[in-house]
Every structure is written in structure tokens, then in C-alpha cells.
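A.B. asks: predicted coordinates and the sequence they were generated for:
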Amino acid sequence: MVNYDHIIVRYGEITLKGKNRGQFVKQLRKNVKHALKGFPAVEIDAHYERMVLTLHGEDYHAVVAAVRQIFGVLSLTPALKTTPDLDAIKATALGYARVLGDQIKTFKVETKRADKNFPLDSVACSREVGAHLLIHRQPLTVDVHNPDLRLLVEIKTDAAYISGKTEKAVGGLPIGTGGRAMLMLSGGIDSPVAGYMVMKRGVEIECVHFESPPYTSSRARQKVIDLAEVLSHQNGKMVLHIVPFTEIQKQINDCIPDRYSITVMRRIMIRIVEAIRTKREAMAIVTGDNLGQVASQTLESMYTINEVTNTPILRPLISMDKNDIIAIAKDLDTYDISIRPYEDCCTIFKPSSPKTKPRREKVHQFEDAFDFAPMIAKAVEDTEKLVFSNRTKKEDAFDKLF
């Protein structure tokens, strides 16, 4: 196995940010530093066009696994560093190929020459390094189309880097560059995926969950806590607001016609999240709504529910197929948690035939029959706040050959 001493981190959409790129790079460096707090020896050198991690003996597999999940990182390349001298580059490349031994039979050399003062151009450098390998590492042969080893030589002013594999990362924008939003986190499949997708656009999220004991169990509560912890791995930390919703749900069940109960419940939930959002100085509300999936997710329902707030409601899953959402949930490791058979508050007092095209004037009439404002204020006041700040170091399927 190659004993890499550096990892080259390449940026995603940050490269398109023009004059604001420096702010994005600064935030990304902060996020990478947080992810690597368990690797104190790693040195982070963030440049305008990329980031270089000096490992100082840390396990590169573990570092790659930690960094590749950070939004804003496009790819990672473990590399060997040497001086920007042709003989040093040849020697390092040969050492690299020798370590791989019989695992490789064919190779190709590609050179990227950022330092235009280097005496050879990219093609000539690749030719020289390739010839050196052919002479000293027989029976290795060249295959420019499908080589076992695609050897990359990157020449900078102060160093050269030799590498053989680039690993894709998640891309997106660094969390912390897009403001803060409140995610309405149920125990289902959709809402964690919605939170993940909004975080990928650089938005820091906090979660709001509604519980209704004794109708919802402690296991349903733990299910949501586990989902929030998974999301904290991307967010760096996570705040979970747990709203006591029992009394409000009982009142809705008592005084709102059955077919309109879901619509009124969602409107009250939005009012509560709006109050928490104001306290937390967030700028948007995120839901896992998927158009037409259930009664509260028709356009008519969304139109009626949206009325209670001027805050943007982000619905990143709005047009996705359910199978695509499930696939993301499985990749995110939230799917198995979400399908645990413990009900959340949205499933209790569920009407047999909810209204799919609720009318605002009807909702106003029903809501005016009872003053929910004091109950909403008390629910906000009694909301419990939990904070998660751990980040796991889950081993990744990074090919240990290179």
C-alpha cells in the first residue's frame, strides 16, 4: 500500500463564486477542520483553487472518509509530495509504481503543469516519466485507454505531487454559506432527505419535531433523535427542538371537522415553527413535502397551509419520485431508522378521508371557532432543545489498492 503523505482536496461550485470565493474557501476550511478534529496531526493549507492536507502520519483512509462527506468538496486525491525537479519526480513515480507491485500491469502518465517555468511542458514531462517507468519497472507497459494505473503528476512552483487515484466527494456548497433554516423533521423517510439536500446548498439547519405523548412513544422520540444525529454528521452539529403537541392535537380533534383536521394541524405546526425560527434567527422553513404524495401535499393544500407565514418554505423533494428519495435515504443511512414501526404525531387522529383541496375561507371559519393562540404560545415556550455535536468516522469503501 502506498504511504501517502498528502491529500489534495478540490472544490466544487466554489470555483464559480468569483470575488466571493475567498469567503466560501474560508468556511470550507472551517468545516474540514471540524471534521478532522479527531486527527490532530493533519495540517490544512487552503488555497484559492484547492486545499492541501498534510497528513503527518495520520491514516489517509480515515481522513478521506471524514472529508469526502463535507459539502463543498468535489474530490480528494491522496498524493506523494516531492520537489518540482524532474529527477525527483521520476524517482517518486517509480517508487509509487514499485509499491503497487504486481497489482498493476499497465499505466498512463498525465501531467498538469501549473508552474509554466518548469523546463518541460506537460506532454514532454509525461513522456520522460513514462520512459523512466518502462526502463526501471518491467514488465510494466503503457495503455492510454484503460490503464491499471493512471499516474498523475502535478507540478506547482514549490512542489510536485504524484498520485494515482481521485475519489469523488459529495460536492455542493459549504454549510454555513447559505444561512440557516428550520427543518420540520418527522420520523418518516422524506424529511431527513430534504434536510440533507438543503444542507448540500450550504444551508445550516436546525430540526423541529412534534411529539404527542402518550399517543407517541419514547421509541418514536428516539427514532427522531437518531435521525437528527445522522444529519449532524453533515451539519457538524445539530439542534433538535421537540415541541409538545398533545393538547393542540386533542383540541383539533375536538373542534375541527374531520376532513379539515390535517390542514389545520399543518397550519398550526407552521405557526409554531415560525415562532421558533424567529427566536433562532433562521431564514426559511424546510419540509419533506412531495407533490401529491398525501392529502396535505397537494397544491391546494400547500396554498392553504402557506398562508400562515411569509417565511420561505423550501420543499426540495417536491417533484422527486419516491424511489429516488428512498435511494438517497439509504445512502444517507437514515432509511433503516425511518422505517422503524413507531408512529409520529401525524399518524394519530388521522381522518379516514382528509380534504385534498381545502379552501382557505373554510379553514378560517373553523379556526375562528377556537382561539389556538394561547396553546401555540405555550407549546413554543415548553419546547425542549437538544444539541448534537458528534461527527462519526464511518469507514468508506475507498479502494485501498492505491
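C.D. replies: Cool, the structure landed.
A.B. asks: mind listing what's buried in the one helix or strand V123 maps to?
C.D. replies: When elements are defined using DSSP states H and E, V123 is found to belong to helix 122-136. Under the neighbour-count criterion of 16 or more other CB atoms under 10 Å, helix 122-136 has 125-126, 128-130, 132-133 buried. Any C-beta I mention is one placed from the backbone N, CA and C, and that applies to glycine too.
A.B. asks: just the helices in the stretch 151-300 of the chain please.
C.D. replies: Listed in chain order, the helices of the stretch 151-300 of the chain (DSSP state H, counting those that start in this stretch) span residues 190-199, 218-235, 246-255, 261-280, 299-306.
A.B. asks: looking at those helices, which is closest to A160?
C.D. replies: Put simply, out of the helices of the stretch 151-300 of the chain the one that sits nearest A160 is helix 218-235, at 33.8 Å, with distance taken as CB to CB.
A.B. asks: what angle separates that closest one from helix 190-199?
C.D. replies: Compare the direction of helix 218-235 with that of helix 190-199 by axes from the mean of the first three to the mean of the last three CA atoms, to 10 degrees and you get 20 degrees.
A.B. asks: helices or strands up against helix 218-235?
C.D. replies: Other elements packing on helix 218-235 under the criterion 3 or more CB pairs under 8 Å, 6 or more residues apart in numbering; DSSP states H and E are helix 190-199, strand 204-211, strand 238-244, helix 335-338, strand 384-388.
A.B. asks: swap the cut-off to 10 Å and go again
C.D. replies: Under the contact definition 3 or more CB pairs under 10 Å, 6 or more residues apart in numbering; DSSP states H and E, helix 218-235 sits against helix 21-35, strand 180-184, helix 190-199, strand 204-211, strand 238-244, helix 322-332, helix 335-338, strand 384-388.
A.B. asks: what mean pLDDT does it have?
C.D. replies: Model confidence over helix 218-235 averages 92 on the pLDDT scale.
A.B. asks: chain center to that helix: distance?
C.D. replies: Centre-to-centre, helix 218-235 and its host chain are 15 Å apart (CA atoms, centre = their mean, to the nearest Å).
A.B. asks: quick one on the thing from earlier: so which elements touch the helix holding V123?
C.D. replies: Taking 3+ CB pairs under 10 Å, 6+ apart as contact, the helices and strands that helix 122-136 lies on are helix 86-100, strand 106-113, strand 141-142, strand 149-155.
A.B. asks: out of the ones you listed, which one sits most buried?
C.D. replies: By mean neighbour count, with neighbours taken as mean count of other CB atoms under 10 Å, strand 149-155 ranks first of the helices and strands packed on helix 122-136 at a mean of 22.
A.B. asks: how far does it sit from the chain's center?
C.D. replies: Chain-centre distance of strand 149-155: 29 Å, with CA atoms, centre = their mean.
A.B. asks: next, the distance between the ends of stretch 352-359.
C.D. replies: Chord length of stretch 352-359, first to last residue, is 19 Å (CA to CA, to the nearest Å).
A.B. asks: same question but for stretch 56-74, I mixed them up
C.D. replies: Distances were taken as CA to CA; on that basis the terminal residues of stretch 56-74 are 23 Å apart.
A.B. asks: what comes up buried for it?
C.D. replies: In terms of neighbour count (16+ other CB under 10 Å), stretch 56-74 has its buried residues at 58, 60-74.
A.B. asks: in helices, which of those appear?
C.D. replies: Those of these mapping onto helices are 60-67, per DSSP state H.
A.B. asks: tell me the one of those nearest Q249?
C.D. replies: Of all these, the one with the least separation from Q249 (CB to CB) is A66, at 41.4 Å.
A.B. asks: name the nearest residue to the closest one, sequence neighbours excluded.
C.D. replies: With sequence-adjacent residues excluded and distances taken as CB to CB, 6 or more residues apart in numbering, A66 is closest to A35, at 4.8 Å.
A.B. asks: ok, now C125?
C.D. replies: T111 (4.3 Å).
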